[in-house]
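Colleague: Compute the structure for the input listed below.
(chains A and B)
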Amino acid sequence: MSDKSYVLGIDLGTSNSALCALDLPSGEPTIRSLTQILAPGQIGGRPLLPSALYLPAVNEFPPEALALPWQPAAGQEADPLCFVGEFARQHGALVPDRLVTSAKSWLSNPHTDPRSAVLPWGAEGDVPKVSAFDCARRYLAHMRAAFLSGEAEEGRERDPRGGQLVLTVPASFDEVARRLTADAAESAGFHEVILLEEPQAAFYAWTEQAGSDWRQQVSAGDVVLVCDVGGGTCDFSLLVIQDVDGNLAVERVSVGEHLLLGGDNMDLALAYTLQARIEESGQAIDDWQFLSLIQGASRAKVQLLSDDSLTEVPVAVPSRGSSLFAKTISTKLTRDDLRAVLLDGFFALTAADEMPIEDGGDALREFGLPYEADAVISKHLARFLTRSLQNVRASENLRSLFANRPEVLEKSFLHPDAVLFNGGVFKAAPLRERVITLLENWSGGNAPRTLSGFEADLAVARGAAVYGRNRLTGQGLRIKAGTARSYYIGLDSARPAVPGFKPPVSALCVVPQGMEEGTEHLLTGKTFGLVTGRPTVFRFFASEVRSDDTPGILVPNAEMNLEETHKIEITLPPMEAFPPGQPIPVHLNSVVTELGNLELWMKHTASDQRWKVEFQVRME
Amino acid sequence: MKLYAILAGVGIGVLNCLSLLPATAGYGRFFVAGGLALALWLVFRALVQPSPPPDYSIPEPVKPVQPLPQPEPPKAEPSFAAEYAAVSLLGALQEKGRLVDFLMDDVAAYSNEQVGAAARVVHQGGRQVLKEFFDIGPVSTEAEGSSVTVPEGAAGSSFRLIGKVGAAAPQSGQLVHKGWQTSRIDLPRPSSPPTKQPSLIAPAQVELR
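Modeller: Residues are numbered from 1 along each chain as shown, chains lettered A, B, ... in the order given. Predicted structure coming up:
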């Protein structure tokens, strides 16, 4: 039995975070208001905590202005001094050099070490720097403290250890980013963190919201697309509904790649359209006014999308000074703009085989976040569905899910029968309809159903709490998921060196796709030589589309066939009787723990001694 | 009760901005001027007059404040909670909706079009603030102009009787204004209790280059 008395579901979002609490065994999931700084010396509760972190200059604010109920003397333990939430975002927009946003995307950025203090990216001068890991830790620590202090204020003292945290991560996060997120939660004071993929969380929230009715809305054999477009990212997953002994069960069969493309891009695109219009009329706006224009464009977008009778919505941009009447610039966002930018831009009716344009091939590019080169979400969706089919076809197991519907596998992409939307972008009905139309066109007039009832901003946190409850009580739905990718470790091929030619690396599959929690593989068939006592390099690879690889299989030319996730250089402690540098014969042992953490062990063939190789990053 | 008078005043100001839009400009000027004056008067009155204003209160306190089980302190420190709430609400309306800029500027010097453009700024931002801090809905859900019966005990509080007012209940009449009430009040709080009367609505801004 679990000693937990409540579950906390946390959606650690790219732009906003939310927390949902649920009392075990049968409480209702409730979103908790999160106390945060709203202005200097002023605090208040909001359901969302903007994922923004501000690093104030020395003496920019008096220390008491940044105090929180649980942290009366701001800055005592915080090094460097920083604060998160509403005021961080609001004030940071005017002081961009000191603002960190999208830290979550930096966690999964392969080009920088998420634990090295490089953010705010590109900031110069005396701005202190933090790491992406630090940011995640601080958001989580803030939410934890806000929850506990809020509960105490209402007379409920909560035992911090009595809560089970379920923390959501994008399905597209690789093992490194997942691990970093879990570690950040541990260092923020949580224990035994359970991770859950966001699209799955959205599905749990939907089943909870639909009650027993959810079983009427889907049937065995259905392919459900979870289409999640938030502020900064797109995240896709496919679930298959199955009939297991007369009950409906759900299995997640594929996840998409990490796409840095979302609602913020859309607001920005609309703001550029309006800025061009303002400039055509002979007026000019400064940077500050542009920020206000983005907000204005976003509001006008929401109005136009929610009211079909409007053909245009005026947008007014105030000046910075106090004279509001003389200097307010006004323009308007028309329905045509919206159609051109949103529907025909981001959600264009492209063909099912039209794939996103890869990087434009610029020889030099700024070394920041790897934003998508192609902003057309339709094409990314097409790529995802095509790759999903490829993945399902590759595996006997996954193919068997479609035993009664072989025609599904005959197409060029996996066509969903139903769509569950999530994320702020899909609050707008016309955008949901557009995605349905797109899928209908691709499948020759066969429109998928929309799973009704969703809560765009808060579903993921709610779903996380529901999953935690189902898991701890053993009751209710559990989506069969396992690892989303297969993982490989690089092996140097034994070949004579040739000048100027790097021998191709082959990679050994250590974790197959779909490996479930609480299981392990011991590869006794092959013996490897492990060098201890001196620095050794390990290279790790992964793939989303090789569902047929089994542990022990060797993939040639790994750099071509797989994605390299990370490379670590470590010195393993030597073993008695083996001098440093002499290879020790080992077997590989891969483990997915009960909490979903992936571990790789090297086990001495002749004894119980073993070494753990962390899935962690250290860059070259 | 000071606080509610200020809320009512500010609310009238914000709502009146609507009628400044060109669409209603034909007949709205006198009404608008009156409305704004009323709003200003209310704010002014609430700020300078210590006695509670007649009855702009919201009838049922929706979020009961928990009484702290403290023994009465021997010497009462002056509390500026009401002043803080008022100034921070004004501050939020200024920050998001530029309301103080709007009301402090001389409206007479500008064209209806300019005033209308500025009113949009006030409306967009002010509305956002109202939604963040309150859940506002009508007191009566009947259509204005229709005949309604005043609920028992509501006369004089959430229903204001005008015209030929008699004593006999139940009282019925024509609904002139549906009224507004809030089911939630979620005002910003000071991170530490203010020790002097708050004065800052919006700071001066200086851009460093």
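Colleague: isn't A:Thr527 right up against A:Pro583?
Modeller: No - A:Thr527 lies out of contact with A:Pro583 (C-beta atoms under 8 Å); the separation is 10.0 Å. Yep, even glycine has a C-beta here, placed from its N, CA and C like the rest.
Colleague: next one: the worst-scoring helix or strand of chain A on mean pLDDT to chain centre, how far?
Modeller: One helix or strand of chain A scores below all others by mean pLDDT, DSSP states H and E: strand A:563-570, with a mean of 77. Computed by C-alpha atoms, centre = their mean, to the nearest Å, the separation of strand A:563-570 from the middle of its chain amounts to 20 Å.
Colleague: where's A:Asp548 relative to A:Thr386, distance?
Modeller: 17 Å (C-beta to C-beta, to the nearest Å).
Colleague: my bad, should have said B:Lys178
Modeller: For B:Lys178, the distance to A:Thr386 - C-beta to C-beta - is 55 Å.
Colleague: out of these two, which sits in the busier spot?
Modeller: Ranked by neighbour count (other C-beta atoms under 10 Å in any protein chain shown), B:Lys178 and A:Thr386 place A:Thr386 first, with 18 against 15.
Colleague: Spatially nearest residue to the more buried one (excluding sequence neighbours)?
Modeller: A:Phe413 (4.4 Å; C-beta to C-beta, 6 or more residues apart in numbering or on different chains).
Colleague: Next: B:Pro151.
Modeller: B:Phe159 (7.1 Å).
Colleague: go on, A:Ala481?
Modeller: A:Arg252 (4.4 Å).
Colleague: after the helix or strand the one you found falls within, next one along is what?
Modeller: Assigned by DSSP states H and E, A:Arg252 belongs to strand A:247-255. Following strand A:247-255 in sequence order, the next helix or strand is helix A:263-280 (DSSP H and E).
Colleague: which helices and strands sit right next to that following helix?
Modeller: Judged by 3 or more C-beta pairs under 8 Å, 6 or more residues apart in numbering or on different chains; DSSP states H and E, helix A:263-280 is in contact with helix A:287-306, strand A:329-334, helix A:335-338.
Colleague: Would you mind splitting chain B into its domains for me?
Modeller: B:1-64+B:79-139+B:180-209, B:142-178 (automatic domain parsing).
Colleague: Can you flag the weakest of those by average pLDDT?
Modeller: Here the domains of chain B differ in mean pLDDT, and the lowest is domain B:1-64+B:79-139+B:180-209 at a mean of 74.
Colleague: per-residue confidence for the residue nearest to A:Thr386?
Modeller: 91.
Colleague: returning to that earlier point: with mean pLDDT, mean neighbour count and distance to chain B added, can I get the helices and strands packed on helix A:263-280 in TSV?
Modeller: Converted to TSV, these look like this (pLDDT from 0 to 100; neighbours: other C-beta atoms under 10 Å in any protein chain shown; distance: least, C-beta to the nearest C-beta, whole Å):
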stretch	mean pLDDT	mean neighbour count	distance to chain B
helix A:287-306	86	19	6
strand A:329-334	90	20	4
helix A:335-338	91	17	18
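Colleague: Strands along the stretch 401-550 of chain A, start to end?
Modeller: A:418-422, A:449-450, A:479-480, A:486-491, A:506-511, A:519-530, A:536-543 (DSSP state E, counting those that start in this stretch).
Colleague: Mind putting the ones you listed into JSON lines with mean neighbour count, mean pLDDT and distance to chain B?
Modeller: Listed next are the strands of the stretch 401-550 of chain A as JSON lines, based on neighbours: other C-beta atoms under 10 Å in any protein chain shown; pLDDT from 0 to 100; distance: least, C-beta to the nearest C-beta, whole Å:
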{"stretch": "strand A:418-422", "mean neighbour count": "23", "mean pLDDT": "94", "distance to chain B": "23"}
{"stretch": "strand A:449-450", "mean neighbour count": "16", "mean pLDDT": "92", "distance to chain B": "27"}
{"stretch": "strand A:479-480", "mean neighbour count": "18", "mean pLDDT": "85", "distance to chain B": "35"}
{"stretch": "strand A:486-491", "mean neighbour count": "23", "mean pLDDT": "85", "distance to chain B": "45"}
{"stretch": "strand A:506-511", "mean neighbour count": "24", "mean pLDDT": "87", "distance to chain B": "46"}
{"stretch": "strand A:519-530", "mean neighbour count": "14", "mean pLDDT": "82", "distance to chain B": "47"}
{"stretch": "strand A:536-543", "mean neighbour count": "20", "mean pLDDT": "83", "distance to chain B": "43"}
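Colleague: Can you check which of those gets nearest to A:Ala52?
Modeller: Each of the strands of the stretch 401-550 of chain A was scored for nearness to A:Ala52 using C-beta to C-beta, and the closest is strand A:418-422 (21.6 Å).
Colleague: Who are the packing partners of that closest one?
Modeller: If you count contacts as 3+ C-beta pairs under 8 Å, 6+ apart, strand A:418-422 packs onto helix A:198-210, strand A:223-229, helix A:429-442, strand A:449-450.
Colleague: Residues in contact with whichever strand or helix holds B:Gly173: which ones?
Modeller: Assigned by DSSP H and E, B:Gly173 belongs to strand B:172-174. Strand B:172-174 is touched from outside by B:145-150, B:161, B:163, with contacts defined as C-beta atoms under 8 Å, 6 or more residues apart in numbering or on different chains.
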